[in-house]
Every structure is written in C-alpha cells, then in structure tokens.
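Novice: Test case, fold it:
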Amino acid sequence: MANVELEASLARKPAIYLRLDLDARSLEIKARGAVLDKVPVKAVEGALRQPFFKRVGPLVLPVPVVLEVTQGPGDTDREIVAPPSLRPAGSSQDEEPTPASQGLAPTPTPTPRPETPSRYRVELAKADSKGSTVVLWVTGQLPARSFLQRFRQAVAEGWAALVHGEKVPDEPPGIVLVLDPEDARRLHHLFRQGMSILVTAAAP
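Specialist: All right, here's what the predicted structure looks like:
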C-alpha cells in the first residue's frame, strides 16, 4: 500500500517522474500515473565508494521511498544562441554600409554540441526531508567486486592521482544502475534538479 500512496502523490502533479523497481529491474518514465516509456535495466544494486583496505557497511535504503534529484548531470548546461548579425553600439541606418551589414562577412560556424555521455552520476535526497545524499551512478557495468578487481582499480586510481593529479572522490553510498549506452543517453536529459524518482522493491 505504501507504493500506491507514494505514487498517488506523484501522479497528482503534472511533472514527469521515474519509477525504479529494484526487484523487477525495471525503470519506467511516468506522468499522471501512466507509463510513457520503459527502459530495460541490465542490473541494479547498492554500492559504496570504499577504500581498498577498509570494509564499509552496506547501503541501507528503506523502500519504497521518493528521492529527488538535487544535482543532475546536465544541470550546469547552458545553451548560448548568438544573434544572426551584430552592429556596433550607437550605429544608425545612415552610416555607410559595411561588408558585415551587407551580408558579405564569413558565416560563423556553430560550435558542435558535445556527445551526451552514457556514464554519469546523479545526486539524490529524500524528497520529504533534508537527509543524507544518495548517489545514482548510471553506467554500463557493475563495479569491481573481487579482491583482484578492486586491487586493479586501486592501482589505476593511484596511478591517475600520481600522473594526472586526479583525486579519488569521497562518495556517499548509492545505487548503480546498469543500462545500455543508448538508453543511458536517452535518460540523461531527464535527470534535472527537482525530478522525482520512486524507488520500490516489489510490485504493490
């Protein structure tokens, strides 16, 4: 019943929301309670960004719960549209026409937009409180599990820190969502600040 009550509260609003079922491994794009699209989920599980030689407790996320995006992967995107032509400040129609005003100047080439990433992180928090942050990692594979895999990852991160000065971020616990690259790119624009995600563990 908790699933139904939480979804009813989201369905009363006109905004689009997501429903992530951890058991069924399904992700639905919904509005007003209706399914607009469904994205196949290859795998989903809790994860922690933990030091190599330190054991950290598992992620505890009571479900069902409504999480809200506090920082999306594209929230800092800005689209700048240049005017078709420019005139000096204070110019008038009586001035002698210039090549630019006659359309003889070179046509500017628009800067191509970068390709939408298929791997990104989304910061979430409980919608009804200012609780701790939960991170959603959208990626193409699950994180390293075995001792050897984690050792290789630690070596790679240490090398990147030594050579390129890259620091390993101290991440809060989160959820790893494994999607097909095209599906991940398709969802990228939806993860904006204020987007609600209903996380459930079973059908209501």
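Novice: drop to CA atoms for contacts and neighbour counts, all remaining ones
Specialist: OK.
Novice: Could I get the pLDDT score of residue 90?
Specialist: Model confidence at residue 90, expressed as pLDDT, equals 55.
Novice: Residue 8 touches residue 30, doesn't it?
Specialist: No: judged on Cα atoms under 8 Å, residue 8 makes no contact with residue 30 at a distance of 11.7 Å.
Novice: Which of the two has more residues huddled nearby?
Specialist: Legend: neighbour count by other Cα atoms under 10 Å for residue 8 and residue 30, higher for residue 30 (19 against 13).
Novice: Name the SS class of that one, please.
Specialist: strand (DSSP: H, G, I helix; E, B strand; the rest coil).
Novice: for it, what are its contacts?
Specialist: Counting by Cα atoms under 8 Å, 6 or more residues apart in numbering, residue 30 touches 16-19, 36-37.
Novice: Apply 10 Å and report the result again.
Specialist: Neighbouring residues of residue 30 by Cα atoms under 10 Å, 6 or more residues apart in numbering: 7, 10-11, 15-19, 36-38.
Novice: repeat for residue 117
Specialist: Applying Cα under 10 Å, 6+ apart, we find residue 117 in contact with 73, 138-139, 181-182, 184-186, 188.
Novice: could you pull out the helices for this structure?
Specialist: 2-11, 147-164, 181-188 (DSSP state H).
Novice: Buried subset of the contacts of residue 117, written for PyMOL?
Specialist: The following PyMOL line selects those of the contacts of residue 117 that are buried, judged by 16 or more other Cα atoms under 10 Å:
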select buried, resi 73+138+139+184+185+188
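Novice: okay, and for this protein, where does confidence drop off?
Specialist: Within the chain, the stretches with pLDDT under 70 are 1, 48-60, 76-108, 128-131, 143-172, 202-204.
Novice: Neighbours of the closest residue to residue 192 other than its chain neighbours, how many?
Specialist: Take residue 192 and drop its neighbours on the chain: the residue closest to it by Cα to Cα, 6 or more residues apart in numbering is residue 72, 4.8 Å away. Neighbourhood size, residue 72 [other Cα under 10 Å]: 21.
Novice: what do you get for residue 19?
Specialist: 19.
Novice: now residue 109
Specialist: 6.
Novice: measure it to residue 4 for me?
Specialist: Plainly put, residue 109 is 52 Å away from residue 4 if you go by Cα to Cα, to the nearest Å.
Novice: before we move on, what about residue 47?
Specialist: 27 Å.
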